[in-house]
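> The sequence and its predicted three-dimensional model are supplied below.
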Number of protein chains: 2
Amino acid sequence: MRFPAPLVTLIRELGRLPGIGPKSAQRLAFYLFNQSDADVLTLARAIEEAKTGLERCPRCHNVMGVGDAACGVCLDASRDAAILCVVEGPADVLAIERSGEYAGVYHVLHGALSPMHGVGPDQLTIESLLARLDDIREVVLATSTTVEGEATAMYLAQHLRERAVSLTRIAYGLPVGGDLEYADEVTLGRAMTHRRPM
Amino acid sequence: MRFPAPLVTLIRELGRLPGIGPKSAQRLAFYLFNQSDADVLTLARAIEEAKTGLERCPRCHNVMGVGDAACGVCLDASRDAAILCVVEGPADVLAIERSGEYAGVYHVLHGALSPMHGVGPDQLTIESLLARLDDIREVVLATSTTVEGEATAMYLAQHLRERAVSLTRIAYGLPVGGDLEYADEVTLGRAMTHRRPM
């Protein structure tokens, strides 16, 4: 038995999404097949709008609505525009915003350096980052603590140091609520090295 | 900071899919935002076609292309139309087809009895199953071995027994390649009860 073409296409397209394997794609496809017309069309439209309704903020490359002058953070006059936090993606902006501990602005790289996957400095928004440093007092490098994130932070540090800007990296250490016993040795080593007086 | 409306909508709609939590929905949304127009539109169209390009086979309720006379299995004249395998969904049809051990036809219930979730006999394709038993020699109940699947098999057995049709249930037992030590006691118990001479 062969599946009808629209189903094969749907399973293939769903399977291209990150974190969705062939089995999940198939399950999702059958789920959609059994949903109401209205629900499925709403989803299809919402996905379409990811391209037609959204674009990158011209200042920080965060996500914003099409036609907006800038993203919500850049438009917020109450924020300290002299502190710049460099992150890999818009999801990181949201995560930091949720922490409530940061009142500066952002710069979204849209990725991290990964020569293995063909991501070099030109694929990230590094040029526009270097172009907006004039009134910046501090740059916080908040890329991930993965190999790629660390490499990106190192690369940026090399290029930012000469710009007479104060450079910081988010702290390494034990996650809050984390059990010391279960922390990996690298994290534990860093948490020990960066121990603070109290 | 608030996300632009199209992004909020997209994250909400993706989050309604089974197995996709709020975090995954957010990650998928940002992934789509960074894909090419063509890729995103292809996905949106493919999802739309789940409703506009597919429908249920009038005979067995399996999935088929809009405008087809019947699904691939029902149209295949080489199959034994006197043996009917009752399954919960089209994915089960595919799974059984892959096994290569079945040459009859199917009947897709599109669910399993679950009074807790408001799924009674009327929500499944049971009426049309009872209406197509005339030339059927054997009905294989291949619903899942979950509580709902078992309840559905029991319910069907009650209604099919009086129709003078031979009734079977797919076998319980150890999965092939399964380690006896790690099998749960219910499965092991069934495997023991249904042991076969060799």
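That came through, no problem.
> drop to CA atoms for contacts and neighbour counts, all remaining ones
Fine.
> can you tell me the helix or strand for residue A:68?
Under the assignment given by DSSP states H and E, residue A:68 is not contained in any helix or strand.
> Relative to residue A:113, how far out is residue A:120?
In this view, residue A:120 and residue A:113 are 5 Å apart by CA to CA, to the nearest Å.
> what about the strands in chain A?
A:54-56, A:63-65, A:80-87, A:104-108, A:138-141, A:166-169 (DSSP state E).
> So which of these is nearest residue B:144?
For residue B:144, the closest of the strands of chain A is strand A:54-56, at 43.0 Å, according to CA to CA.
> The closest one - contacts with which helices or strands?
On a contact count with 3 or more CA pairs under 8 Å, 6 or more residues apart in numbering or on different chains; DSSP states H and E, strand A:54-56 meets strand A:63-65.
> Pairing partners for the strand it packs on, with directions?
strand A:54-56 (antiparallel) (DSSP bridges).
> chain center to the strand it pairs with: distance?
Its chain's C-alpha centre and that of strand A:54-56 lie 14 Å apart, by CA atoms, centre = their mean, to the nearest Å.
> roughly how far apart are the residue nearest in space to the middle of chain A and residue A:132?
Among the residues of chain A, the one closest to the centroid is residue A:89, at 1.8 Å (CA atoms, centre = their mean). Distance, residue A:89 to residue A:132, using CA to CA: 18 Å.
> same check, this time on residue A:139
Applying CA to CA to residue A:139 and residue A:132 gives a distance of 11 Å.
> Which one's more surrounded, these two?
For residue A:139 versus residue A:132, neighbours defined as other CA atoms under 10 Å in any protein chain shown are more numerous around residue A:139 (24 against 13).
> can you pull the contacts of that one?
Contacts were defined as CA atoms under 8 Å, 6 or more residues apart in numbering or on different chains; by that measure residue A:139 touches A:83-86, A:165-168.
> Reformat the residues you listed as JSON lines; add neighbour count.
Shown next, in JSON lines, are the contacts of residue A:139 (neighbours: other CA atoms under 10 Å in any protein chain shown):
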{"residue": "A:83", "neighbour count": "20"}
{"residue": "A:84", "neighbour count": "24"}
{"residue": "A:85", "neighbour count": "24"}
{"residue": "A:86", "neighbour count": "24"}
{"residue": "A:165", "neighbour count": "15"}
{"residue": "A:166", "neighbour count": "13"}
{"residue": "A:167", "neighbour count": "16"}
{"residue": "A:168", "neighbour count": "14"}
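> circling back: is it true that the residue nearest to the centre of chain A touches residue A:111?
Yes: using CA atoms under 8 Å, residue A:89 is in contact with residue A:111, at 6.4 Å.
> Can you get me a residue count around the residue of chain A found nearest chain B?
Proximity of chain A to chain B (CA to the nearest CA) peaks at residue A:44, 4.5 Å away. Using other CA under 10 Å, residue A:44 has 24 other residues around it.
> Apart from its neighbours in sequence, what residue is nearest it?
residue B:44 (4.5 Å; CA to CA, 6 or more residues apart in numbering or on different chains).
> close enough to count as contact, that neighbour and residue A:50?
No: applying CA under 8 Å, one finds residue B:44 not in contact with residue A:50, separated by 10.1 Å.
> Show me the shaky parts of chain A.
Chain A contains residues with pLDDT under 70 at A:1.
> the helices in it, which residues?
In chain A, the helices defined using DSSP state H lie at A:5-15, A:22-33, A:37-52, A:72-75, A:90-99, A:126-130, A:147-161, A:185-193.
> right, quick check: the fifth one against chain B, any contact?
Yes: applying CA under 8 Å from any CA of the partner chain, one finds helix A:90-99 in contact with chain B at A:90-91, A:94, A:97.
> who touches that helix?
With contact meaning CA under 8 Å, 6+ apart, helix A:90-99 is reached by A:62-63, A:87, A:102, A:106, A:108, A:110, B:1, B:26-27, B:30.
> same thing but at 6 Å, please
Contacts with helix A:90-99, where a contact means CA atoms under 6 Å, 6 or more residues apart in numbering or on different chains, come from residue A:62.
> what's the angle between that helix and helix B:22-33?
Angle, helix A:90-99 to helix B:22-33, by axes from the mean of the first three to the mean of the last three CA atoms, to 10 degrees: 140 degrees.
> Can I get helix A:90-99 as PDB, trimmed to CA atoms?
Extracted C-alpha coordinates of helix A:90-99, given in PDB (Å, rounded to 0.1, in the frame of the first residue of the first chain):
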ATOM      1  CA  PRO A  90      15.400  35.500  19.700                       C
ATOM      2  CA  ALA A  91      14.400  32.700  22.100                       C
ATOM      3  CA  ASP A  92      17.400  33.700  24.200                       C
ATOM      4  CA  VAL A  93      16.100  37.300  24.400                       C
ATOM      5  CA  LEU A  94      12.800  36.000  25.800                       C
ATOM      6  CA  ALA A  95      14.600  33.700  28.300                       C
ATOM      7  CA  ILE A  96      16.700  36.600  29.600                       C
ATOM      8  CA  GLU A  97      13.700  38.900  29.700                       C
ATOM      9  CA  ARG A  98      11.900  36.400  31.800                       C
ATOM     10  CA  SER A  99      14.700  36.400  34.300                       C
END
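> Tell me the gap between it and the middle of its chain.
The chain centre lies 8 Å from the centre of helix A:90-99; the measure is CA atoms, centre = their mean.
> Give the burial count for residue A:174, as a bare number.
For residue A:174, the count of nearby residues is 17 (other CA under 10 Å).
> what's the answer for the one 4 residues further on, then?
Neighbour count for residue A:178, taken as other CA under 10 Å: 9.
> so how far is residue A:188 from it?
Counting by CA to CA, the gap from residue A:178 to residue A:188 is 11 Å.
> And residue A:93, by the same measure?
Taking CA to CA, one finds residue A:93 at 26 Å from residue A:188.
> more neighbours, these two?
Between residue A:93 and residue A:188, counting by other CA under 10 Å, residue A:93 is the more crowded of the two (22 against 17).
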